[in-house]
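Engineer: Coordinates for the following, if possible.
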Amino acid sequence: MNPFGTNPETCGYPHSKKSLSEKGLGIVTATYLRRQAATLLGLSRSTIDLGIAARLRTMAVEFQSKADAIEEKEQDFPSPPRQPNGRSGNEMDRD
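Structural biologist: So this is what the prediction gives:
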């Protein structure tokens with residue numbers, strides 16, 4: 001038991017083996033990854049440490065690649081077509 005009351009298995013510690021989706025904390029979207037990549041690039045431009053800047057740029061490229069992979073998977077499973085009333089085909093009619 002951790003004396004500080006936190007459980008590393010359920011927290012977002014880097015050494016935790018579970019992914020966010022395995023923890024039930026949500027699904028990472030391509031948009032989220034692209035925003036994070038943009039943030040990392042901004043941080044890389046603001047630091048004077050060239051080693052850290054290079055690592056941040058590398059991480060940004062990795063996030064962009066993951067976002068691309070997610071978008072490719074989404075193209076394999078397109079959303080249902082919209083009906084004339086603007087609703088998707090899987091929504092219930094509540095009228």
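
Engineer: Tell me where the protein has helices.
Structural biologist: 30-46, 50-76 (DSSP state H).

Engineer: Pick the most deeply packed of those helices.
Structural biologist: Comparing these by mean neighbour count (mean count of other C-beta atoms under 10 Å), helix 30-46 comes out on top with a mean of 15. Yep, even glycine has a C-beta here, placed from its N, CA and C like the rest.

Engineer: Can you dump the C-alpha atoms of it in CSV for me?
Structural biologist: This file holds the C-alpha atoms of helix 30-46, laid out as CSV (Å, rounded to 0.1, in the frame of the first residue of the first chain):
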residue,chain,number,x,y,z
ALA,A,30,-7.2,11.7,-33.7
THR,A,31,-8.2,15.3,-32.9
TYR,A,32,-6.9,15.0,-29.3
LEU,A,33,-3.6,13.5,-30.6
ARG,A,34,-3.2,16.3,-33.1
ARG,A,35,-3.8,19.0,-30.5
GLN,A,36,-1.2,17.3,-28.2
ALA,A,37,1.3,17.2,-31.1
ALA,A,38,0.8,20.9,-31.7
THR,A,39,1.3,21.6,-28.0
LEU,A,40,4.5,19.5,-28.1
LEU,A,41,5.8,21.5,-31.1
GLY,A,42,5.1,24.7,-29.3
LEU,A,43,7.0,23.6,-26.3
SER,A,44,9.9,22.5,-28.5
ARG,A,45,10.1,26.0,-29.9
SER,A,46,10.1,27.6,-26.5
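
Engineer: other SSEs contacting it?
Structural biologist: Here helix 30-46 touches helix 50-76, going by 3 or more C-beta pairs under 8 Å, 6 or more residues apart in numbering; DSSP states H and E.
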